[in-house]
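In: Sequence and predicted structure below; questions after.
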Amino acid sequence: MSPQPNPDHDWIHEYLSELLTIYKLNHRKIVKRLSSHCRVFVPGEPKATCPEPDYALYNDSASARGQKSWQEFSPFVVIEIVSDSDPDKDYVRNVELYQKVPTIREYWLFDKAEEVDGPILRVYRRDSGGQPWEIEEYDATAIYSTPLLPGFKLPVSPD
């Protein structure tokens, strides 16, 4: 069993949970499932290589019906909060793995460890699964929005 996250990680996790849940409840046709306990199966990778993002958003109908295996569907947005113990996992390994999953259009990476002014958000985005990532970074004062979630506004830091 992994140790529980530090308070700064937990704070961002709780903050995202509230915002994403409210959005999902008001936009059920866009986000059919929001999970903080999922696995992402990567095509062409061994079964043991399954990232477990902090959050994943799904928009296919199979994800909403309660399928029995994570292999049966795939997210369109994944979100990670940078791990204190292994930041390379989020910045290198997961970037490469999520690139191989054709349904994933955005990968959001919250990094709270290095910023004294608040967290930063790095967004990896693409228009379709076959494209390379375009990368943008937002500081704690920014408000992020995406065409994948119409009307969603994410202040990088609530403070």
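Out: Great, that's in hand. Please read all numbers here as calculations on a predicted model, not as lab measurements.
In: can you give me the helices for the protein?
Out: For the chain, the helices identified by DSSP state H occupy 7-26, 61-64, 87-88, 94-99, in order along the chain.
In: Please tabulate those in CSV, including the columns mean neighbour count, mean pLDDT and distance to Lys32.
Out: No exception for glycine: its C-beta is placed from N, CA and C like everyone else's. Converted to CSV, those look like this (neighbours: other CB atoms under 10 Å; pLDDT from 0 to 100; distance: least, CB to CB, whole Å):
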stretch, mean neighbour count, mean pLDDT, distance to Lys32
helix 7-26, 15, 90, 8
helix 61-64, 15, 61, 4
helix 87-88, 12, 79, 31
helix 94-99, 18, 93, 20
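In: nearest to Leu109, of the ones you listed?
Out: Set against Leu109 and scored by CB to CB, those come closest in helix 94-99, at 8.1 Å.
In: Select, out of the helices of the chain, the one closest to Ser35.
Out: helix 61-64 (8.3 Å).
In: Centre-most residue in this structure?
Out: Ile79 (1.4 Å; CA atoms, centre = their mean).
In: Would you confirm that that one contacts Phe110?
Out: Yes: assessed by CB atoms under 8 Å, Ile79 is found in contact with Phe110 at 7.2 Å.
In: Return every residue with contacts to both of those two.
Out: The contact sets of Ile79 and Phe110 overlap at Leu16 (CB atoms under 8 Å, 6 or more residues apart in numbering).
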